[in-house]
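*Asks:* Pasted the sequence and its predicted model underneath.
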Amino acid sequence: MMLLALLACKTDQEFAEIRLDAIAVVLGDFDNVGDTLTALDIATQEYDGFIVQATYEPDDDRTVRDFGGPSVEGLFTGTDENGQLQVSAFNAVFVNSGTRGLGAFRYNNQLEPDDSLLLDTDAMDHACNFATGGGTLVVSDWAYELVEYCWPDALELFGDDTVPDAAQAGIAGDVLADVKGDKLIEALGATVNLAYDYTAWSVIESVGTGTEVLLSGNVDYQPSADQLPETLTGAPLLVRFVAGRGQVVYSTFHFSAQNPQVTQSLLLEGVEGLTEGSGDDESDEAAPAAAAKTEAGGA
C-alpha cells in the first residue's frame, strides 16, 4: 500500500500497531462523522465548532451555537491543568465540514467574517504540529482550509489558494466514484456511489507527490456565478497522505450524507489505525476539565 511505502521512518509492524484510542471530534454545521464513529462503538470527545446551526438538526433555529462545552478554539489553543495543549491529549482529531473559523464569512445571510482560526497562526500551527508529531487528522469538505494551510503542496484545489472558500464550486448530486486500493475495493467494490448533498462543495483538481487518491470520479462544478457548469474528469474525492509522523485524510464529501455502510467502510479502511470498538473512555474526559483554560475565546 502506498501509504505504508511512504512511511520510511516506520516498519510495517510499527505502523500496524498504531492505535487511535483517544479521539476528538469537532462538530460542524454540514457533516456529522461522529454518528458513524458512535455506530462503530468508537469513543470520542466532542468539541463545539458550529458556525451557526447544524443542517442535520433542522428543528434547531438558533443563529449562534454555544453548548457550553469544549470548543474548537480551546482544542487547538487551550491548555490543560499541566500547561499542555488540549489537542495533545488525543491521537486523532476529526474536523467536520462547517467548522467555524475556517471560511470567508458565515452563511444564512450572516456576513460577519468567519476566519478567526485562519488568522490565528498559533491555532493553525498547533493543528499542523499535531499531525506531523504523529497524530491523525481527518477533515471533510469546507474545513479544507486547514489542510491547505498546513500542507499547501499536498492538494491542488480549485480556485485561488490565497482566498478562503475559493474551492467551493462543486454542484450537488450523485457521483460514481472509482475505488482505489485493495482493502477499499474488497470492502466497497470497484465503484461506489457518493452523495453530494449541498452545492458549493470543495473541488480537488489534482494531488501532489505522496498524496494517495482513494476515490476519484467525474464531477460537475461551476467556476463562477456568471459561468456555465463544467465537468472535471477523474477528480480526487477522498485522499490521504503522510504528514511527518502522522497521517491526514481529506474527503470532499460529507461522511454523514453517505450510506452508513459505505461511510463505515471508508473510515475503517481509509484511516489507518481506526478499528471498530476502539476508543478509550478517557477520551470522554480528556477535555472538559481543560476547557476552562483556553487561551483563545470560543463559543
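*Replies:* Noted; the coordinates are in hand. Residues are numbered from 1 along each chain as shown.
*Asks:* What is the neighbour count of residue 242?
*Replies:* 24 (other CB atoms under 10 Å). Every C-beta, even on glycine, is put in place using the N, C-alpha and C of the backbone.
*Asks:* Actually, residue 161.
*Replies:* Around residue 161 there are 14 other residues, counting by other CB under 10 Å.
*Asks:* And the pLDDT for it?
*Replies:* Residue 161 is assigned a predicted lDDT (pLDDT) of 93.
*Asks:* now do residue 65
*Replies:* The model reports residue 65 with a pLDDT of 70.
*Asks:* Starting from residue 33, give me the distance back to the residue nearest to it when sequence neighbours are not counted.
*Replies:* Closest residue in space to residue 65, ignoring its immediate chain neighbours: residue 50 at 3.5 Å, by CB to CB, 6 or more residues apart in numbering. Residue 50 sits 14 Å away from residue 33, taking CB to CB, to the nearest Å as the criterion.
*Asks:* Count the residues that sit near residue 220.
*Replies:* 18.
*Asks:* contacting residues around it?
*Replies:* By CB atoms under 8 Å, 6 or more residues apart in numbering, residue 220 lies in contact with 170, 171, 173, 229, 230, 231.
*Asks:* So the last one sits against residue 217, correct?
*Replies:* Put plainly, it is residue 231. No - using CB atoms under 8 Å, residue 231 and residue 217 do not qualify as a contacting pair, with a distance of 10.5 Å.
*Asks:* Of these two, give the one with the bigger neighbour count.
*Replies:* Between residue 231 and residue 217, counted using other CB under 10 Å, residue 217 has the larger neighbour count: 22 against 10.
*Asks:* in what helix or strand does that one lie?
*Replies:* Element membership of residue 217, judged by DSSP states H and E, is strand 211-221.
*Asks:* Please spell out which residues along that strand are buried.
*Replies:* Using 16 or more other CB atoms under 10 Å as the test for burial, strand 211-221 gives 211, 212, 213, 214, 215, 216, 217, 219, 220, 221.
*Asks:* Please tell me how far the fourth one sits from residue 93.
*Replies:* With distances defined as CB to CB, the gap from residue 214 to residue 93 amounts to 19 Å.
*Asks:* What of residue 62?
*Replies:* From residue 62 to residue 93 the distance is 25 Å (CB to CB).
*Asks:* out of those two, which sits in the busier spot?
*Replies:* residue 93 (26 against 11).
*Asks:* Looking at stretch 201-210 now, give me its mean pLDDT.
*Replies:* On average, the pLDDT along stretch 201-210 is 98.
*Asks:* cool, and stretch 34-52?
*Replies:* Rounded mean pLDDT across stretch 34-52 is 95.
*Asks:* Tell me how far it lies from the chain's centre.
*Replies:* When distances are taken as CA atoms, centre = their mean, to the nearest Å, stretch 34-52 is centred 12 Å away from the chain's centroid.
*Asks:* Flag the shaky bits of the stretch 151-299 of the chain, pLDDT-wise.
*Replies:* Applying pLDDT under 70 to the stretch 151-299 of the chain picks out residues 279-299.
*Asks:* helices or strands up against the strand ranked longest in the chain?
*Replies:* Longest strand of the chain, by residue count under DSSP state E: strand 230-243. Applying 3 or more CB pairs under 8 Å, 6 or more residues apart in numbering; DSSP states H and E, we find strand 230-243 packed against helix 2-6, helix 121-132, strand 173-179, strand 204-207, strand 211-221, strand 246-251, helix 260-270.
*Asks:* residue contacts, residue 166?
*Replies:* Contacts were defined as CB under 8 Å, 6+ apart; by that measure residue 166 touches 157, 158, 159, 160.
*Asks:* Just send those residues back as TSV, with distance to residue 268 and neighbour count too.
*Replies:* Output for the contacts of residue 166, formatted as TSV (distance: CB to CB, whole Å; neighbours: other CB atoms under 10 Å):
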residue	distance to residue 268	neighbour count
157	26	23
158	29	19
159	32	17
160	36	9
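*Asks:* of those residues, closest to residue 126?
*Replies:* residue 157 (22.5 Å; CB to CB).
*Asks:* how about the nearest residue to that closest one, chain neighbours excluded?
*Replies:* Closest to residue 157 by CB to CB, 6+ apart is residue 167, at 3.8 Å.
*Asks:* What is the burial count for residue 39?
*Replies:* By the measure other CB under 10 Å, the count of residues near residue 39 is 13.
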